[in-house]
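**Student:** Sequence and predicted structure are below.
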There are 2 protein chains.
Amino acid sequence: MTADGTILAERAAEAGILNIQNGAFADALEDMAGDWLAADSAMPIVASGMIGSRQGWTEVPYLELPTAAADLTLYAHAGFQRTIHFVPGLALRDKDGVPDVMRGEETQIFGASADGMYLLPGSHSKWALVEAGRITWFATFMTGELFAALKDHTILGRMMSGSGNDDAAFARGAKYGFGGSGTLQRLFSARTLALFGELPESGVAAYLSGLLIGTEIAEARALVQNSADMITIIGNPDLGQHYLAALSHCGLRGCQAAEGAAARGQWRIAKAAGILAS
Amino acid sequence: MTADGTILAERAAEAGILNIQNGAFADALEDMAGDWLAADSAMPIVASGMIGSRQGWTEVPYLELPTAAADLTLYAHAGFQRTIHFVPGLALRDKDGVPDVMRGEETQIFGASADGMYLLPGSHSKWALVEAGRITWFATFMTGELFAALKDHTILGRMMSGSGNDDAAFARGAKYGFGGSGTLQRLFSARTLALFGELPESGVAAYLSGLLIGTEIAEARALVQNSADMITIIGNPDLGQHYLAALSHCGLRGCQAAEGAAARGQWRIAKAAGILAS
């Protein structure tokens, strides 16, 4: 990026922390961006996400809520040819004192840069509330990982056939999941509806996906009081489309944030920390 | 059993329908009880459970609730050296019209033979209400199968170490699961508590087990209004002990039914159907 936040070039790789052997993070960064680094010896490097976790390059803390972009003190790490600035994660505790954490999503949320309710779908979906420029609440839902485990390793997966696309089955699942409590009980409906011939086997995967996403939406809505009636989705556009559809089936409104939220967030955090050339 | 229901001998085998190849059910029965059959050519045979399912020996229907033992019309099957009497399953629909089913548990419940709330723990836990001698409600919870899938195939399992026994962690999980809605969100606590050093890795499996069982108890209690304050557990005594402990952590009372409920239930159903010598 330029110093004013314009993105000049982007690169992505499947080089997450689970794919790096023996802590070879420096090599991975050189492979990915060595030419950029060589071309500008003063270019600051900002790192966010799981790279700053216990299993990452260096562990940086979780900050307590509420948090504005300017509160995200960057942690300078010297284990590379030049300083790397790590963005800390966030943590909060629920009413029972149980902690929840995020790493990386705070950067995407600050990249979106507006008050409101955010949804970041994935293996571990995050919902977050931004008020007066500060993240004041968030929660994690194991929706994506649970779907994969149920699909691949339970009797529900044995009912599934075909590509998995079935809009009507997805809608039915989303409404049923949103409509009531009782997740352990409602999961079984993916089996019984197929058993009774009321759901085609080609629709079981879509039904289960809808069921879990509808459940997630209901749980998130129950956890926080918020007057915002628009939910902004950040992340993979295809997955975002599924969530937009599910929100609509649940009578809620959603929109997808512009792509590049992570880069914009890193720029804003770096700017607030004063590490960019003025 | 004698004609008055006294159990004379019992045999068990790992010969469930998933272990029988090419529909060789007759051979499996011969292997298991051929000498008993040869010794008494008039002895009636009663079969209940998944052996009467679509994947079993012959598919028999699901009856609608409410159902008394005398309502369980036996289905005579002629594909063996003598008639086999199959017990039908039960089905009901929830307020959204979604079906739920049981096969085999109805036999165990009638073996217990009293009004009240029943709990049959397992991969697919069942709760059932018996009023005036009739099963009037039941529901299935995917607790056991979900635990196995989460333990073996998600990040939660990667936090676990040791044998899995930890009464304090189990109690904490049961209370947290029972205390609130939000299953997809609360699951993540098994990770964050370990991450923050507030739950030993040797206790994560017990915590997750407690969390799911506590959630099941809360869901079941929310689904049905029932004045009974005692829950009778039928099934494996070791698993039953876990559920007894969880009920206690949730402020509820439970007891374990005497062993042999399935056999007693088959005898009662056979007696009501008039197939026993008088």
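**Tutor:** Cool, the structure landed. Residues are numbered from 1 along each chain as shown, chains lettered A, B, ... in the order given.
**Student:** Can you tell me the closest non-neighbouring residue to the residue of chain A positioned farthest from its centre?
**Tutor:** Most distant residue from the mean C-alpha position of chain A: residue A:196, 36.2 Å away (CA atoms, centre = their mean). Nearest in space to residue A:196, with sequence neighbours left out and distances taken as CB to CB, 6 or more residues apart in numbering or on different chains, is residue B:99 at 5.2 Å. For every residue, glycine as well, the C-beta is placed using N, CA and C.
**Student:** Now do the same for the one you found: its pLDDT.
**Tutor:** Note for residue B:99: predicted pLDDT of 96.
**Student:** Also residue A:96?
**Tutor:** pLDDT, read off for residue A:96, is 88.
**Student:** one step back: run a quick neighbour tally on the residue nearest to residue A:196.
**Tutor:** 17 (other CB atoms under 10 Å in any protein chain shown).
**Student:** got it, and the one 10 residues further on?
**Tutor:** By other CB under 10 Å, the residues close to residue B:109 number 29.
**Student:** and what of residue A:261?
**Tutor:** Neighbour tally, residue A:261, other CB under 10 Å: 22.
**Student:** Name the helix or strand for the residue lying closest to it once chain neighbours are set aside, please.
**Tutor:** Closest residue to residue A:261 apart from its sequence neighbours, by CB to CB, 6+ apart: residue A:111 at 3.6 Å. Using DSSP states H and E, residue A:111 maps to helix A:105-112.
**Student:** outside of that helix, which residues touch it?
**Tutor:** Here helix A:105-112 makes contact (CB atoms under 8 Å, 6 or more residues apart in numbering or on different chains) with A:48-49, A:67, A:69, A:72, A:87, A:89-90, A:118, A:120, A:126, A:128, A:130, A:135, A:138, A:232, A:234-235, A:257-258, A:260-269.
**Student:** Just the buried ones from those residues?
**Tutor:** A:48-49, A:67, A:69, A:72, A:87, A:89-90, A:118, A:120, A:126, A:128, A:130, A:135, A:138, A:232, A:234-235, A:257, A:261-269 (16 or more other CB atoms under 10 Å in any protein chain shown).
**Student:** For stretch A:114-125, what does the pLDDT average out to?
**Tutor:** 95.
**Student:** same deal with stretch A:206-221?
**Tutor:** Rounded mean pLDDT across stretch A:206-221 is 97.
**Student:** Would you mind listing what in the stretch 51-200 of chain A touches chain B?
**Tutor:** When proximity is defined by CB under 8 Å from any CB of the partner chain, the stretch 51-200 of chain A lies next to chain B at A:54, A:96, A:98-101, A:124, A:139-143, A:145-146, A:148-150, A:152-155, A:176, A:179-189, A:192-193, A:195-196, A:198.
**Student:** Out of those, which end up buried?
**Tutor:** The buried subset of these - by 16+ other CB under 10 Å - is A:98-101, A:124, A:139-143, A:145-146, A:149-150, A:153-154, A:176, A:180-189, A:192-193, A:195.
**Student:** Sitting in helices, which of the residues you listed do you find?
**Tutor:** A:143, A:145-146, A:149-150, A:153, A:176, A:183-186, A:189, A:192-193, A:195 (DSSP state H).
**Student:** In those, find the pair that's most separated.
**Tutor:** Pairwise distances across those (CB to CB) peak at 26.0 Å, for the pair A:145 and A:195.
**Student:** buried stuff in the top helix by length along chain A?
**Tutor:** Within chain A, and with DSSP H defining each element, the longest helix by residue count is helix A:204-223. By neighbour count on 16+ other CB under 10 Å, the buried set for helix A:204-223 is A:204-221, A:223.
**Student:** Run through the neighbouring helices and strands of it.
**Tutor:** strand A:125-131, strand A:134-141, helix A:143-153, helix A:167-179, helix A:183-186, helix A:189-195, helix A:237-249, helix B:183-186 (3 or more CB pairs under 8 Å, 6 or more residues apart in numbering or on different chains; DSSP states H and E).
**Student:** With distance to residue A:76 added, can I get the ones you listed in TSV?
**Tutor:** Supplementary listing: these in TSV, determined by distance: least, CB to CB, whole Å:
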stretch	distance to residue A:76
strand A:125-131	26
strand A:134-141	23
helix A:143-153	33
helix A:167-179	45
helix A:183-186	43
helix A:189-195	49
helix A:237-249	34
helix B:183-186	34
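**Student:** about what we covered before: so what's the residue count around the residue nearest to residue A:261?
**Tutor:** By other CB under 10 Å, the burial measure for residue A:111, its neighbour count, is 22.
**Student:** So which of the buried ones among the contacts of helix A:105-112 belong to helices?
**Tutor:** A:261-269.
**Student:** now, which of the residues you listed sits nearest residue B:19?
**Tutor:** residue A:262 (50.4 Å).
**Student:** ok, which stretches of the stretch 1-150 of chain A are strands?
**Tutor:** Using DSSP state E, counting those that start in this stretch, the strands of the stretch 1-150 of chain A run over A:45-47, A:62-64, A:67-68, A:75-77, A:84-86, A:89-93, A:99-102, A:116-120, A:125-131, A:134-141.
**Student:** Any chance of JSON lines for those, columns distance to residue B:28?
**Tutor:** Shown next, in JSON lines, are the strands of the stretch 1-150 of chain A (distance: least, CB to CB, whole Å):
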{"stretch": "strand A:45-47", "distance to residue B:28": "61"}
{"stretch": "strand A:62-64", "distance to residue B:28": "57"}
{"stretch": "strand A:67-68", "distance to residue B:28": "63"}
{"stretch": "strand A:75-77", "distance to residue B:28": "64"}
{"stretch": "strand A:84-86", "distance to residue B:28": "62"}
{"stretch": "strand A:89-93", "distance to residue B:28": "55"}
{"stretch": "strand A:99-102", "distance to residue B:28": "50"}
{"stretch": "strand A:116-120", "distance to residue B:28": "52"}
{"stretch": "strand A:125-131", "distance to residue B:28": "46"}
{"stretch": "strand A:134-141", "distance to residue B:28": "44"}
